[in-house]
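Visitor: next comes the sequence, and after it the predicted model I'd like to discuss.
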Amino acid sequence: MSLLELLKDSIKRNTKQYSMLIAVIVIWATFAGLTGVFLTPRNLSNLFVQTVTTAILAIGMVLVIVAGHIDLSVGSVLGFTGSVCAIAMVRNGWGVFPAVLVTLIAGAAVGAWHGFWIAYRRVPSFIVTLASMLAFRGLIIGISGGQTIGLEMAPENVAAAFKPIGQGYLPTIRAATEGQLHDTSLYFVVVLIAVYVVLAFRRRSARQRYGFPVLPLHAESLRLAFISAAMAALGLVLVFYLGIPWSILIVLALTLLLSFVAGNTTFGRHLYAIGGNAEAARLSGISVERHTFGLFILMGVMTALAGIVYTARLNAATTSAGQNAELDAIAAAVIGGASLAGGEGTIFGAIVGALVMTSLDNGMSLMNLDITYQYVIKGLILLLAVWADMAQRKKA
(Lines give C-alpha, C1' and ligand atoms only; values in the text may rest on other atoms or scores of the structure.)
Protein backbone atom coordinates (compact mmCIF):
# COMPACT_ATOMS: atom_id res chain seq x y z
CA MET A 1 0.00 0.00 0.00
CA SER A 2 1.41 3.39 -1.02
CA LEU A 3 1.91 6.35 1.30
CA LEU A 4 -0.97 8.21 -0.34
CA GLU A 5 -3.31 5.23 0.07
CA LEU A 6 -2.34 4.86 3.73
CA LEU A 7 -3.00 8.54 4.36
CA LYS A 8 -6.39 8.32 2.62
CA ASP A 9 -7.26 5.25 4.67
CA SER A 10 -6.27 7.00 7.91
CA ILE A 11 -8.38 10.05 7.06
CA LYS A 12 -11.34 7.86 6.10
CA ARG A 13 -11.18 5.88 9.35
CA ASN A 14 -10.76 8.99 11.51
CA THR A 15 -12.87 11.55 9.66
CA LYS A 16 -14.67 12.77 12.76
CA GLN A 17 -11.49 13.15 14.80
CA TYR A 18 -9.75 15.12 12.05
CA SER A 19 -12.86 17.25 11.57
CA MET A 20 -12.99 18.12 15.26
CA LEU A 21 -9.31 19.01 15.42
CA ILE A 22 -9.78 21.29 12.41
CA ALA A 23 -12.85 22.78 14.13
CA VAL A 24 -10.78 23.57 17.25
CA ILE A 25 -8.11 25.28 15.14
CA VAL A 26 -10.74 27.32 13.26
CA ILE A 27 -12.49 28.35 16.51
CA TRP A 28 -9.23 29.36 18.15
CA ALA A 29 -8.07 31.31 15.09
CA THR A 30 -11.43 33.09 14.83
CA PHE A 31 -11.54 34.14 18.47
CA ALA A 32 -7.85 35.11 18.36
CA GLY A 33 -8.64 37.51 15.54
CA LEU A 34 -11.79 38.86 17.18
CA THR A 35 -10.46 39.29 20.72
CA GLY A 36 -6.68 39.58 20.43
CA VAL A 37 -6.16 37.82 23.76
CA PHE A 38 -7.64 34.37 23.17
CA LEU A 39 -4.29 32.68 22.43
CA THR A 40 -2.37 34.25 25.30
CA PRO A 41 -0.86 31.76 27.79
CA ARG A 42 -3.05 33.12 30.59
CA ASN A 43 -6.31 32.64 28.70
CA LEU A 44 -5.41 29.23 27.25
CA SER A 45 -4.36 28.01 30.70
CA ASN A 46 -7.69 29.17 32.12
CA LEU A 47 -9.47 27.60 29.15
CA PHE A 48 -7.92 24.19 29.82
CA VAL A 49 -8.85 24.39 33.51
CA GLN A 50 -12.43 25.35 32.59
CA THR A 51 -12.59 22.36 30.24
CA VAL A 52 -11.80 19.85 32.99
CA THR A 53 -15.31 19.46 34.46
CA THR A 54 -16.97 19.07 31.06
CA ALA A 55 -14.21 16.69 29.95
CA ILE A 56 -14.66 14.39 32.96
CA LEU A 57 -18.41 14.26 32.39
CA ALA A 58 -17.95 13.74 28.64
CA ILE A 59 -15.56 10.81 29.21
CA GLY A 60 -18.28 8.99 31.14
CA MET A 61 -21.08 10.21 28.88
CA VAL A 62 -19.46 8.85 25.71
CA LEU A 63 -19.46 5.34 27.20
CA VAL A 64 -23.11 5.73 28.20
CA ILE A 65 -24.01 6.86 24.67
CA VAL A 66 -21.90 4.08 23.13
CA ALA A 67 -24.04 1.58 25.06
CA GLY A 68 -27.21 3.15 23.65
CA HIS A 69 -28.26 5.16 26.72
CA ILE A 70 -28.26 8.77 27.88
CA ASP A 71 -27.74 10.46 31.27
CA LEU A 72 -29.59 13.74 31.82
CA SER A 73 -28.87 13.83 35.55
CA VAL A 74 -25.13 14.57 35.54
CA GLY A 75 -25.54 18.33 36.11
CA SER A 76 -27.75 17.89 39.16
CA VAL A 77 -25.71 14.97 40.51
CA LEU A 78 -22.53 17.03 40.04
CA GLY A 79 -24.03 19.80 42.17
CA PHE A 80 -25.30 17.30 44.75
CA THR A 81 -22.00 15.44 45.16
CA GLY A 82 -20.11 18.75 45.30
CA SER A 83 -22.39 19.81 48.15
CA VAL A 84 -21.84 16.48 49.92
CA CYS A 85 -18.07 17.01 49.73
CA ALA A 86 -18.28 20.61 50.99
CA ILE A 87 -20.64 19.70 53.84
CA ALA A 88 -18.35 16.87 54.94
CA MET A 89 -15.40 19.27 55.25
CA VAL A 90 -17.13 22.46 56.44
CA ARG A 91 -19.93 21.25 58.71
CA ASN A 92 -18.56 17.88 59.80
CA GLY A 93 -14.89 18.85 59.94
CA TRP A 94 -13.70 15.86 57.94
CA GLY A 95 -10.34 15.72 56.23
CA VAL A 96 -9.93 15.79 52.47
CA PHE A 97 -9.49 12.04 52.00
CA PRO A 98 -12.63 10.88 53.89
CA ALA A 99 -14.66 13.72 52.33
CA VAL A 100 -13.57 12.78 48.80
CA LEU A 101 -14.10 9.07 49.51
CA VAL A 102 -17.66 9.52 50.79
CA THR A 103 -18.41 11.75 47.79
CA LEU A 104 -17.24 9.07 45.35
CA ILE A 105 -19.31 6.48 47.25
CA ALA A 106 -22.33 8.78 47.01
CA GLY A 107 -21.76 9.06 43.25
CA ALA A 108 -21.50 5.28 42.93
CA ALA A 109 -24.74 4.89 44.91
CA VAL A 110 -26.54 7.29 42.58
CA GLY A 111 -25.18 5.36 39.60
CA ALA A 112 -26.35 2.08 41.15
CA TRP A 113 -29.83 3.58 41.61
CA HIS A 114 -29.91 4.53 37.93
CA GLY A 115 -28.49 1.19 36.85
CA PHE A 116 -31.08 -0.77 38.87
CA TRP A 117 -34.03 0.91 37.18
CA ILE A 118 -32.51 0.93 33.70
CA ALA A 119 -30.93 -2.54 33.65
CA TYR A 120 -33.27 -4.61 35.80
CA ARG A 121 -36.59 -2.76 35.59
CA ARG A 122 -36.22 -1.82 31.90
CA VAL A 123 -37.18 1.83 32.46
CA PRO A 124 -35.67 3.97 29.66
CA SER A 125 -32.51 5.80 30.73
CA PHE A 126 -34.01 9.06 29.46
CA ILE A 127 -36.85 8.83 32.00
CA VAL A 128 -34.76 7.55 34.92
CA THR A 129 -32.10 10.22 34.60
CA LEU A 130 -34.65 12.96 33.85
CA ALA A 131 -36.34 12.09 37.15
CA SER A 132 -32.97 12.26 38.92
CA MET A 133 -32.17 15.59 37.27
CA LEU A 134 -35.23 17.06 38.98
CA ALA A 135 -34.88 15.14 42.25
CA PHE A 136 -31.21 15.90 42.89
CA ARG A 137 -31.65 19.58 42.04
CA GLY A 138 -34.12 19.63 44.91
CA LEU A 139 -31.80 17.60 47.17
CA ILE A 140 -29.04 20.16 46.63
CA ILE A 141 -31.29 22.82 48.13
CA GLY A 142 -32.34 20.44 50.89
CA ILE A 143 -28.89 19.44 52.16
CA SER A 144 -27.36 22.90 51.74
CA GLY A 145 -30.29 24.83 53.15
CA GLY A 146 -30.37 26.82 49.94
CA GLN A 147 -27.07 28.50 50.84
CA THR A 148 -23.61 28.59 49.29
CA ILE A 149 -21.14 26.55 51.32
CA GLY A 150 -17.81 28.36 51.18
CA LEU A 151 -14.72 26.21 51.76
CA GLU A 152 -13.02 29.08 53.54
CA MET A 153 -15.20 28.03 56.50
CA ALA A 154 -13.49 24.62 56.62
CA PRO A 155 -10.46 24.05 58.87
CA GLU A 156 -7.48 25.88 57.34
CA ASN A 157 -5.40 22.76 56.74
CA VAL A 158 -8.34 21.01 55.05
CA ALA A 159 -9.12 23.93 52.74
CA ALA A 160 -5.43 24.28 51.84
CA ALA A 161 -5.21 20.58 50.92
CA PHE A 162 -8.48 20.50 48.95
CA LYS A 163 -8.15 23.68 46.91
CA PRO A 164 -5.25 22.45 44.70
CA ILE A 165 -7.51 19.75 43.21
CA GLY A 166 -9.24 22.46 41.21
CA GLN A 167 -6.82 25.38 41.37
CA GLY A 168 -3.36 23.98 42.03
CA TYR A 169 -0.38 23.50 39.69
CA LEU A 170 2.59 21.20 39.62
CA PRO A 171 5.15 22.58 42.06
CA THR A 172 8.46 24.06 40.95
CA ILE A 173 11.77 22.57 42.02
CA ARG A 174 13.20 25.99 42.72
CA ALA A 175 11.54 29.26 43.65
CA ALA A 176 9.76 30.68 40.60
CA THR A 177 10.31 34.24 39.53
CA GLU A 178 8.43 36.20 36.91
CA GLY A 179 9.27 34.95 33.44
CA GLN A 180 10.96 31.79 34.73
CA LEU A 181 9.87 28.43 33.34
CA HIS A 182 8.02 26.15 35.76
CA ASP A 183 10.57 23.39 35.52
CA THR A 184 8.56 20.49 36.99
CA SER A 185 5.86 21.08 34.40
CA LEU A 186 8.51 21.36 31.68
CA TYR A 187 10.05 18.04 32.66
CA PHE A 188 6.60 16.44 32.67
CA VAL A 189 5.92 17.65 29.11
CA VAL A 190 9.27 16.26 27.91
CA VAL A 191 8.63 12.88 29.56
CA LEU A 192 5.08 12.74 28.19
CA ILE A 193 6.28 13.35 24.61
CA ALA A 194 9.05 10.76 25.00
CA VAL A 195 6.60 8.15 26.30
CA TYR A 196 4.20 8.89 23.43
CA VAL A 197 6.95 8.44 20.81
CA VAL A 198 8.19 5.19 22.37
CA LEU A 199 4.65 3.74 22.52
CA ALA A 200 3.98 4.81 18.92
CA PHE A 201 7.04 2.94 17.66
CA ARG A 202 6.15 -0.10 19.76
CA ARG A 203 2.67 -0.07 18.23
CA ARG A 204 4.23 0.22 14.78
CA SER A 205 6.45 -2.79 15.48
CA ALA A 206 3.47 -4.82 16.68
CA ARG A 207 1.51 -4.01 13.51
CA GLN A 208 4.47 -5.04 11.37
CA ARG A 209 4.85 -8.25 13.32
CA TYR A 210 1.25 -9.24 12.61
CA GLY A 211 1.32 -8.15 8.98
CA PHE A 212 -0.81 -5.00 9.23
CA PRO A 213 -0.02 -2.04 6.92
CA VAL A 214 2.07 0.78 8.40
CA LEU A 215 3.34 4.11 7.15
CA PRO A 216 6.88 4.21 5.76
CA LEU A 217 9.43 5.06 8.44
CA HIS A 218 10.04 8.59 7.15
CA ALA A 219 6.28 9.30 7.01
CA GLU A 220 5.77 7.84 10.49
CA SER A 221 8.63 9.96 11.82
CA LEU A 222 7.14 13.07 10.22
CA ARG A 223 3.73 12.31 11.76
CA LEU A 224 5.23 11.81 15.21
CA ALA A 225 7.28 14.98 14.86
CA PHE A 226 4.16 16.98 14.03
CA ILE A 227 2.16 15.54 16.95
CA SER A 228 5.09 15.99 19.34
CA ALA A 229 5.45 19.61 18.25
CA ALA A 230 1.75 20.19 18.89
CA MET A 231 2.02 18.58 22.34
CA ALA A 232 5.12 20.67 23.12
CA ALA A 233 3.36 23.87 22.02
CA LEU A 234 0.34 23.24 24.22
CA GLY A 235 2.55 22.14 27.11
CA LEU A 236 4.74 25.23 26.86
CA VAL A 237 1.66 27.45 26.97
CA LEU A 238 0.97 26.04 30.42
CA VAL A 239 4.63 26.05 31.41
CA PHE A 240 5.05 29.74 30.56
CA TYR A 241 2.02 30.71 32.66
CA LEU A 242 1.71 28.94 36.04
CA GLY A 243 2.58 25.38 35.07
CA ILE A 244 0.43 22.31 34.51
CA PRO A 245 -2.72 22.22 36.69
CA TRP A 246 -3.38 19.14 38.79
CA SER A 247 -6.89 18.99 37.33
CA ILE A 248 -5.42 18.57 33.82
CA LEU A 249 -3.43 15.60 35.09
CA ILE A 250 -6.66 14.09 36.46
CA VAL A 251 -8.25 14.37 33.01
CA LEU A 252 -5.14 12.91 31.36
CA ALA A 253 -5.16 9.94 33.74
CA LEU A 254 -8.88 9.34 33.19
CA THR A 255 -8.45 9.58 29.41
CA LEU A 256 -5.70 6.97 29.38
CA LEU A 257 -7.51 4.67 31.82
CA LEU A 258 -10.95 4.79 30.17
CA SER A 259 -9.44 4.59 26.67
CA PHE A 260 -7.76 1.36 27.76
CA VAL A 261 -11.01 0.10 29.32
CA ALA A 262 -13.03 0.96 26.19
CA GLY A 263 -10.59 -0.51 23.68
CA ASN A 264 -8.72 -3.26 25.47
CA THR A 265 -11.03 -4.90 28.00
CA THR A 266 -13.95 -7.28 27.70
CA PHE A 267 -16.20 -4.81 29.51
CA GLY A 268 -15.42 -2.02 27.06
CA ARG A 269 -15.82 -4.11 23.92
CA HIS A 270 -19.10 -5.49 25.23
CA LEU A 271 -20.43 -1.93 25.67
CA TYR A 272 -19.86 -1.30 21.98
CA ALA A 273 -21.57 -4.60 21.13
CA ILE A 274 -24.57 -3.72 23.31
CA GLY A 275 -24.86 -0.28 21.71
CA GLY A 276 -24.61 -1.76 18.24
CA ASN A 277 -27.32 -4.37 18.80
CA ALA A 278 -28.42 -5.20 22.34
CA GLU A 279 -30.44 -8.27 21.36
CA ALA A 280 -27.60 -9.74 19.32
CA ALA A 281 -25.24 -9.08 22.23
CA ARG A 282 -27.60 -10.88 24.60
CA LEU A 283 -27.90 -13.86 22.27
CA SER A 284 -24.09 -14.04 22.04
CA GLY A 285 -23.89 -14.52 25.80
CA ILE A 286 -23.20 -10.94 26.99
CA SER A 287 -24.97 -10.01 30.23
CA VAL A 288 -26.57 -6.77 29.07
CA GLU A 289 -28.11 -6.08 32.48
CA ARG A 290 -24.85 -6.53 34.40
CA HIS A 291 -22.88 -4.37 31.97
CA THR A 292 -25.51 -1.62 32.03
CA PHE A 293 -25.59 -1.67 35.84
CA GLY A 294 -21.79 -1.41 36.02
CA LEU A 295 -21.74 1.32 33.39
CA PHE A 296 -24.03 3.60 35.37
CA ILE A 297 -22.06 3.02 38.56
CA LEU A 298 -18.98 4.15 36.61
CA MET A 299 -20.89 7.19 35.34
CA GLY A 300 -21.91 8.04 38.90
CA VAL A 301 -18.30 7.91 40.11
CA MET A 302 -17.17 10.08 37.18
CA THR A 303 -19.89 12.62 37.95
CA ALA A 304 -18.88 12.71 41.63
CA LEU A 305 -15.26 13.28 40.62
CA ALA A 306 -16.37 16.15 38.37
CA GLY A 307 -18.30 17.57 41.32
CA ILE A 308 -15.20 17.41 43.52
CA VAL A 309 -13.03 19.21 40.93
CA TYR A 310 -15.76 21.80 40.26
CA THR A 311 -16.19 22.54 43.97
CA ALA A 312 -12.42 22.85 44.46
CA ARG A 313 -12.15 25.24 41.51
CA LEU A 314 -14.93 27.50 42.79
CA ASN A 315 -13.79 27.05 46.41
CA ALA A 316 -17.47 26.65 47.25
CA ALA A 317 -20.56 24.50 46.69
CA THR A 318 -23.48 26.45 45.26
CA THR A 319 -27.13 25.56 44.67
CA SER A 320 -26.72 26.40 40.97
CA ALA A 321 -23.66 24.19 40.48
CA GLY A 322 -23.90 21.95 37.44
CA GLN A 323 -26.83 23.65 35.75
CA ASN A 324 -26.80 22.74 32.04
CA ALA A 325 -23.66 20.62 32.57
CA GLU A 326 -25.52 17.62 31.18
CA LEU A 327 -26.11 19.48 27.91
CA ASP A 328 -22.43 20.40 27.60
CA ALA A 329 -21.40 16.80 28.34
CA ILE A 330 -23.81 15.32 25.79
CA ALA A 331 -22.84 17.94 23.22
CA ALA A 332 -19.13 17.26 23.81
CA ALA A 333 -19.64 13.51 23.31
CA VAL A 334 -21.73 13.95 20.16
CA ILE A 335 -19.50 16.65 18.66
CA GLY A 336 -16.55 14.37 19.42
CA GLY A 337 -17.99 11.62 17.26
CA ALA A 338 -20.29 9.57 19.50
CA SER A 339 -23.45 8.39 17.75
CA LEU A 340 -26.75 8.72 19.60
CA ALA A 341 -27.76 5.48 17.88
CA GLY A 342 -25.12 3.72 20.00
CA GLY A 343 -22.10 1.59 19.23
CA GLU A 344 -19.79 4.41 18.14
CA GLY A 345 -17.63 6.95 19.99
CA THR A 346 -14.17 7.47 21.48
CA ILE A 347 -12.77 8.95 24.67
CA PHE A 348 -10.35 11.13 22.71
CA GLY A 349 -13.24 12.46 20.63
CA ALA A 350 -15.14 13.38 23.80
CA ILE A 351 -12.13 15.35 25.08
CA VAL A 352 -11.90 17.26 21.79
CA GLY A 353 -15.65 17.88 21.93
CA ALA A 354 -15.35 19.24 25.48
CA LEU A 355 -12.56 21.56 24.29
CA VAL A 356 -14.81 22.78 21.46
CA MET A 357 -17.67 23.57 23.84
CA THR A 358 -15.46 25.34 26.38
CA SER A 359 -13.63 27.28 23.66
CA LEU A 360 -16.96 28.60 22.45
CA ASP A 361 -17.94 29.64 25.98
CA ASN A 362 -14.57 31.25 26.61
CA GLY A 363 -14.35 33.07 23.29
CA MET A 364 -17.89 34.40 23.39
CA SER A 365 -17.37 35.59 26.96
CA LEU A 366 -14.20 37.44 25.93
CA MET A 367 -16.27 39.15 23.23
CA ASN A 368 -18.89 40.09 25.84
CA LEU A 369 -21.49 38.45 23.63
CA ASP A 370 -24.98 38.52 25.12
CA ILE A 371 -25.86 35.27 26.92
CA THR A 372 -28.91 34.93 24.67
CA TYR A 373 -26.74 34.52 21.61
CA GLN A 374 -24.34 32.21 23.43
CA TYR A 375 -27.09 29.68 24.13
CA VAL A 376 -28.44 29.98 20.58
CA ILE A 377 -25.02 29.40 19.01
CA LYS A 378 -24.26 26.37 21.21
CA GLY A 379 -27.69 24.92 20.48
CA LEU A 380 -27.22 25.30 16.74
CA ILE A 381 -23.77 23.69 16.89
CA LEU A 382 -25.22 20.67 18.72
CA LEU A 383 -28.01 20.40 16.14
CA LEU A 384 -25.50 20.52 13.27
CA ALA A 385 -23.31 17.88 14.95
CA VAL A 386 -26.24 15.45 15.29
CA TRP A 387 -27.37 16.17 11.73
CA ALA A 388 -23.85 15.52 10.41
CA ASP A 389 -23.71 12.23 12.33
CA MET A 390 -27.06 11.10 10.91
CA ALA A 391 -26.06 12.13 7.39
CA GLN A 392 -22.79 10.19 7.64
CA ARG A 393 -24.52 7.06 8.96
CA LYS A 394 -27.14 7.27 6.20
CA LYS A 395 -24.40 7.59 3.60
CA ALA A 396 -22.57 4.61 5.06
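Guide: It's in.
Visitor: the stretch 1-150 of the chain: helices as residue ranges?
Guide: Along the stretch 1-150 of the chain, the segments classed as helices by DSSP state H, counting those that start in this stretch run 3-13, 15-35, 41-66, 74-90, 96-115, 125-144.
Visitor: again, but for the stretch 151-300 of the chain
Guide: 156-162, 164-167, 183-209, 217-240, 246-264, 266-276, 278-283, 288-314.
Visitor: same list (those helices) but as TSV, adding mean neighbour count and distance to Gly142.
Guide: (C-beta placed from N, C-alpha, C; glycine too.) Shown next, in TSV, are those (neighbours: other Cβ atoms under 10 Å; distance: least, Cβ to Cβ, whole Å):
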stretch	mean neighbour count	distance to Gly142
helix 156-162	15	23
helix 164-167	19	24
helix 183-209	14	41
helix 217-240	15	39
helix 246-264	16	28
helix 266-276	19	34
helix 278-283	14	36
helix 288-314	24	16
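Visitor: okay if I get those as a markdown table plus mean pLDDT and distance to Ala329?
Guide: Formatted as a markdown table, these follow (pLDDT from 0 to 100; distance: least, Cβ to Cβ, whole Å):
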| stretch | mean pLDDT | distance to Ala329 |
| --- | --- | --- |
| helix 156-162 | 89 | 24 |
| helix 164-167 | 92 | 18 |
| helix 183-209 | 89 | 26 |
| helix 217-240 | 86 | 23 |
| helix 246-264 | 94 | 13 |
| helix 266-276 | 95 | 17 |
| helix 278-283 | 94 | 23 |
| helix 288-314 | 97 | 9 |
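Visitor: nearest to Gly363, of those?
Guide: helix 217-240 (16.0 Å; Cβ to Cβ).
Visitor: how far off centre is that closest one?
Guide: Centroid displacement of helix 217-240 relative to its chain, using Cα atoms, centre = their mean, to the nearest Å, is 22 Å.
Visitor: packing partners for it?
Guide: helix 3-13, helix 41-66, helix 183-209 (3 or more Cβ pairs under 8 Å, 6 or more residues apart in numbering; DSSP states H and E).
Visitor: relative to Gly294, which of the ones you listed is closest?
Guide: Of all these, helix 41-66 comes closest under Cβ to Cβ, at 10.5 Å.
Visitor: re the thing from before, out of the helices and strands packed on helix 217-240, the one nearest Ala99 is which?
Guide: helix 41-66 (18.0 Å).
Visitor: can I get the helices of the stretch 151-300 of the chain in CSV with distance to Thr81?
Guide: Shown next, in CSV, are the helices of the stretch 151-300 of the chain (distance: least, Cβ to Cβ, whole Å):
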stretch, distance to Thr81
helix 156-162, 14
helix 164-167, 13
helix 183-209, 29
helix 217-240, 28
helix 246-264, 15
helix 266-276, 23
helix 278-283, 29
helix 288-314, 4
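Visitor: nearest to Ile286, out of the helices and strands packed on helix 217-240?
Guide: helix 41-66 (13.9 Å).
Visitor: same question for the closest one: list its buried residues.
Guide: The neighbour-count criterion (16 or more other Cβ atoms under 10 Å) identifies 43-66 as the buried residues of helix 41-66.
Visitor: can you list the helices and strands packed on helix 217-240 in a markdown table and add distance to Leu380?
Guide: Below are the helices and strands packed on helix 217-240 laid out as a markdown table (distance: least, Cβ to Cβ, whole Å):
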| stretch | distance to Leu380 |
| --- | --- |
| helix 3-13 | 27 |
| helix 41-66 | 18 |
| helix 183-209 | 35 |
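Visitor: indicate which one of the ones you listed is closest to Gly82.
Guide: For Gly82, the closest of the helices and strands packed on helix 217-240 is helix 41-66, at 10.0 Å, according to Cβ to Cβ.
Visitor: tell me the angle that closest one makes with helix 288-314.
Guide: Here helix 41-66 runs at 160 degrees with respect to helix 288-314, directions being taken by axes from the mean of the first three to the mean of the last three Cα atoms, to 10 degrees.
Visitor: now helix 41-66: average pLDDT?
Guide: The pLDDT scores in helix 41-66 average 94.
Visitor: elements contacting that helix?
Guide: helix 74-90, helix 164-167, helix 217-240, helix 246-264, helix 266-276, helix 288-314, helix 325-335, helix 347-366.
Visitor: still on that earlier bit, of the helices of the stretch 1-150 of the chain, which approaches Leu366 most closely?
Guide: Per Cβ to Cβ, nearest to Leu366 of the helices of the stretch 1-150 of the chain: helix 15-35, 4.4 Å.
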